[in-house]
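Participant: fold the stuff below for me.
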Amino acid sequence: MVLKKGERECTPCQGGCWYCYKIDDDVGWLFSCEFDCNLHQACLENNINNQCAEDLELDIFKREFQYCL
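Facilitator: Residues are numbered from 1 along each chain as shown. Purely as a prediction, here's the structure:
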C-alpha cells in the first residue's frame, strides 16, 4: 500500500476508513452509525460506482447515507 504524506495505515476499529484502511486529515469523512466506523466519502463513491457483485455492507451504507439504490 502506498501512503501519501499525512496518511497512515489504520484498521477501521482503530478509526481508519472501512474500505482503504487509511487515516488522514483530509475532509470528506463519513461516520456510519450502523457499523460504528469511519469511511472516506470518496471510497464509498468509488465502491458504489464499481460494484459488480452483491455487497450487503455497501447496500447498508447506501441506505444510511441516502444514495440511490
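
Participant: which pLDDT value goes with residue 9?
Facilitator: In this model, residue 9 is scored at 87, pLDDT.

Participant: count of residues packed around it?
Facilitator: 12 (other CB atoms under 10 Å). Every C-beta, even on glycine, is put in place using the N, C-alpha and C of the backbone.

Participant: burial of residue 56, as a residue count?
Facilitator: Neighbours of residue 56 (other CB under 10 Å): 7.

Participant: measure it to residue 65 for me?
Facilitator: 15 Å (CB to CB, to the nearest Å).

Participant: check contacts around residue 37.
Facilitator: Going by CB atoms under 8 Å, 6 or more residues apart in numbering, residue 37 touches 12-13, 18, 31.

Participant: show the buried residues in those residues.
Facilitator: The neighbour-count criterion (16 or more other CB atoms under 10 Å) marks 12, 18 among those as buried.

Participant: between all of the contacts of residue 37, which two are separated the most?
Facilitator: Greatest spatial distance in the contacts of residue 37: 13 and 31, 13.7 Å, computed using CB to CB.

Participant: in this structure, which spans are strands?
Facilitator: In the chain, the segments counted as strands under DSSP state E are 8-9, 22-23, 29-32, 37-40.

Participant: skipping its backbone neighbours, what lies nearest residue 8 in space?
Facilitator: residue 23 (5.8 Å; CB to CB, 6 or more residues apart in numbering).

Participant: how near is that neighbour to residue 62?
Facilitator: 23 Å.

Participant: pick out the residue closest to the middle of the chain.
Facilitator: Centroid-nearest residue in the chain, with CA atoms, centre = their mean: residue 39, separated by 3.0 Å.

Participant: wait, isn't that residue in contact with residue 18?
Facilitator: Yes. Counting by CB atoms under 8 Å, residue 18 is a contact partner of residue 39 at 4.2 Å.

Participant: so what sits against both of the two?
Facilitator: By CB under 8 Å, 6+ apart, the residues touching both residue 39 and residue 18 are 12, 32.

Participant: count of neighbours near residue 47?
Facilitator: Neighbour number of residue 47 under other CB under 10 Å is 17.

Participant: quick one, what contacts the closest residue to it other than its chain neighbours?
Facilitator: Excluding its sequence neighbours, the residue lying closest to residue 47 (CB to CB, 6+ apart) is residue 58, at 5.6 Å. Contact analysis of residue 58 by CB under 8 Å, 6+ apart lists 47-48, 51.
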